[in-house]
Structures are given as C-alpha cells and as structure tokens.
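>>> Sequence and predicted structure are below.
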Amino acid sequence: MRRLFATVSDFACVRSRALLGASTIALASLFGQMQAAALPAGILNTPICDSDDTFGHTSDRAASGDMLCPAHAGPSSEIAEARAYLLETASPGFTMSKQGPELAIDRLHPEFAMRLANAIRDARASGLPAVGVFSAYRPPAFGVGGFSDKFNSLHAYGLAVDMAGIGGPGSTDARRWHEIAARNGVVCPYGPVNRAEWNHCQPIGLKVIVAQNPLRHTITATGPVSLEAMFEVGTAVIEANGRSEESDTVGAISRPSAVAKVEKEEPAVRRVAEHVRSSKSLRRTLKDARTKVAARTKMERSKKERTKVASNAKSTNAKSKRLRIAARRSSKDDDD
C-alpha cells in the first residue's frame, strides 16, 4: 500500500511540474506579446529576438523570468568603438557642450560615425594629430547654422559634423583632410577653400533637407521623435544619394574634379564661387563672373592697344615733323 501511494504521489508531482512549466511558458509568451503591442506603431520593424536566438533558450529564460534578448542584439561593438573614439578625439564647441558631447555623438548616424572614425584615425596617423569633431548633432531649436530654416541642416538628423584641427580654409592641412575624408566615404562638400564651410563634412553630397524629404518627419525642433526611426530613414537617404552623388544644392563643388575646376578659375571668379549655396546658382554665378572678367580683360586690352596706337601715331608724327624740318633745311641750303 505504501509503495502504491508513493507511486501515485510521484506521478502527481511530475504532472504538476509539467503543468506549471507549460503555464509559465504560455504566460511569458503572452506577456511578450502584450509588451510589443504596447509600443508605438513603427518602432519595431524587426522581431524582438532573432529566431535563432529564441529557439532552444525560451524555456530557460521563461523559467528564470528573463525575457530579454541576448546582449549582442544591441548596437554592434564596431559602432560603439567608433562613437567612443569620436568622443575621445572631439574638441567640443558650444552646441556639443550645451547638450553634452556624449549625446551629440550618440545621435550621429551609425554608418556616418564609423566612416568618420576611420577618417580621423587615418588623418591622425598621417600628420594631423589634432583632428576631431567640433560640432556634431544639434537640434533645430538651438538656432545655430547658416540656414534660416534650421530643419534644412543635416546636423539636425545626425548626418553632418564640423571638424577642428584641419587648419584654415585653403591650407595644406585642410586639403589633406579632404583627401583622407574622401577615401573613407566622408564628403566635405563645400571644398577646402570655402571660408565658412571648409570644415563641414557629411556621409553624402546632399546639402539641404527640403520639406518633402522623409527625414523631416522623424524630428521635432527639440530632437528626434524616435532615434531608431531617424537612423532608419537616414540609412535610406545615404543609400539613395551614394557617397559622391552631385547634389542639386551646392553640389557642383562636392566632387574633387569639380573642386579642381573651380580652383583653376581666375582668383576673381574663384572668390565668388566660394560663397555660392547651390550648383544651379554656382553655374549662373560662374558664368556671370567669367563674363565680367572677360569684359574687363577685353577693356584693358583695348585700352592698351589704343595707347599703343596713340604712341605709335605720336612717334610717327614726330618723325614726319623731323623729316619736314630736314627737308626745308636742305631746300634752303640748295637756294643758297
């Protein structure tokens, strides 16, 4: 009888444990679904955990009450290292200091952060030891930048930085930085000779975020609506524009060949081109500047020619006068 009672008790315990385990798994699964449903629409564009991560570990995590994804589901170590290096080498300016350098760096697009970190490493190894970020992400509410509409700036979307430690406009260091940056997929679209924006760099050649750009819907004046959404749309914009695409806004001088063409212009033309804000305006301005320089050159040449003709005429008249005087003297001598 005791043996029968023990067998029945063991069976009841095993069944209870099985039921308890199944109930725990079911409740954990329901809890996970409720958490996902509570998040705003569009935040989760991928599963909470990859299927490979979930399979084979669900029961263990459910039993312990831990429903979090594995640690490697967060930002990659490469991105984290890039951000840490950018922060370490930064020379924070006003806007970075105002919001905190960490936040200003963390809101840079991940792809851009990795390209920029690689460029800075190369530059520091190539004789530019002070290169670093001066201004990174900044919200439109700060009211900083050249655009009247601060939502136009790529800084507001984590897609632009201003650099320190690259020398002044047109300097050897500035030109070297532009070359190194280009090799690492970083575009400094205004060129190394621009007096205002020689240190402005981006992952793409696009200069202005217009109202129709989907990026405009990912931020408010004070910051991103969702950092993940801003990065996701930013990735699409980077892929759409490429590394060296010529933009319709200040784009004509975004590529090295175009920069070289501007630098080959006469100084009077080049000084005008440095301050132009769009490729269309640049072409028009260059045309006008060339026309004015050509007209001035033609006028100066014409003036020189007139002066030369007048000088020749004066010389000819003087020679004729001397000949006439000599002829009269000769005639007088003959009369005598």
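Right, received. Where do you want to start?
>>> H109: how many residues sit nearby?
Around H109 sit 25 other residues, with neighbours defined as other CB atoms under 10 Å. Glycine gets a C-beta too; all of them are placed from N, C-alpha and C.
>>> where do the strands sit along the chain?
For the chain, the strands defined by DSSP state E cover 132-135, 161-164, 200-201, 219-220, 223-224.
>>> Could I get these in JSON lines, plus columns for mean pLDDT and mean neighbour count?
Output for these, formatted as JSON lines (pLDDT from 0 to 100; neighbours: other CB atoms under 10 Å):
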{"stretch": "strand 132-135", "mean pLDDT": "98", "mean neighbour count": "23"}
{"stretch": "strand 161-164", "mean pLDDT": "98", "mean neighbour count": "23"}
{"stretch": "strand 200-201", "mean pLDDT": "98", "mean neighbour count": "24"}
{"stretch": "strand 219-220", "mean pLDDT": "96", "mean neighbour count": "18"}
{"stretch": "strand 223-224", "mean pLDDT": "96", "mean neighbour count": "18"}
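>>> Could you list every helix and strand that the longest helix that the chain contains packs against?
Taking DSSP state H as the criterion, the chain has its longest helix at helix 279-335. With contacts taken as 3 or more CB pairs under 8 Å, 6 or more residues apart in numbering; DSSP states H and E, helix 279-335 sits against helix 267-273.
>>> now the helix it packs on: mean pLDDT?
The predicted model assigns helix 267-273 a mean pLDDT of 53.
>>> now stretch 227-241
For stretch 227-241, the per-residue pLDDT averages 94.
>>> what does stretch 107-122 give?
On average, stretch 107-122 scores 98.
>>> Flag every buried residue along that stretch.
107-122 (16 or more other CB atoms under 10 Å).
>>> Repeat that for stretch 225-235.
229-231, 233-234.
>>> Pop the domain breakdown of the protein in here.
With domains defined by automatic domain parsing, the chain comprises 77-264, 267-336.
>>> Worst mean pLDDT among those?
domain 267-336 (a mean of 68).
>>> A181: which of the strands of the chain is closest?
Distance to A181, taken as CB to CB, is lowest for strand 200-201 among those, at 5.8 Å.
>>> which residues are contacting the closest one?
Residues outside strand 200-201 that contact it (CB atoms under 8 Å, 6 or more residues apart in numbering) are 116, 160-163, 181, 186-190.
>>> which among the residues you listed gets closest to G100?
V161 (15.7 Å).
>>> beta partners of that closest one?
Per DSSP bridges, the residues bridged to V161 are C201.
>>> distance of it from N194?
16 Å (CB to CB, to the nearest Å).
>>> hmm, back to that, would you turn the strands of the chain into a markdown table with distance to S315?
Putting the strands of the chain into a markdown table (distance: least, CB to CB, whole Å) gives the following:
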| stretch | distance to S315 |
| --- | --- |
| strand 132-135 | 64 |
| strand 161-164 | 62 |
| strand 200-201 | 59 |
| strand 219-220 | 76 |
| strand 223-224 | 79 |
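>>> Nearest to K298, out of those?
Closest to K298 of the strands of the chain is strand 200-201 (CB to CB; 37.6 Å).
>>> Okay, P203 and A289: tell me how far apart.
For P203, the distance to A289 - CB to CB - is 31 Å.
>>> of those two, who's got more company?
P203 (28 against 19).
>>> Now do the contacts for that one.
The contact partners of P203, by CB under 8 Å, 6+ apart, come to 109, 111-112, 115, 159, 185-187, 238, 243.
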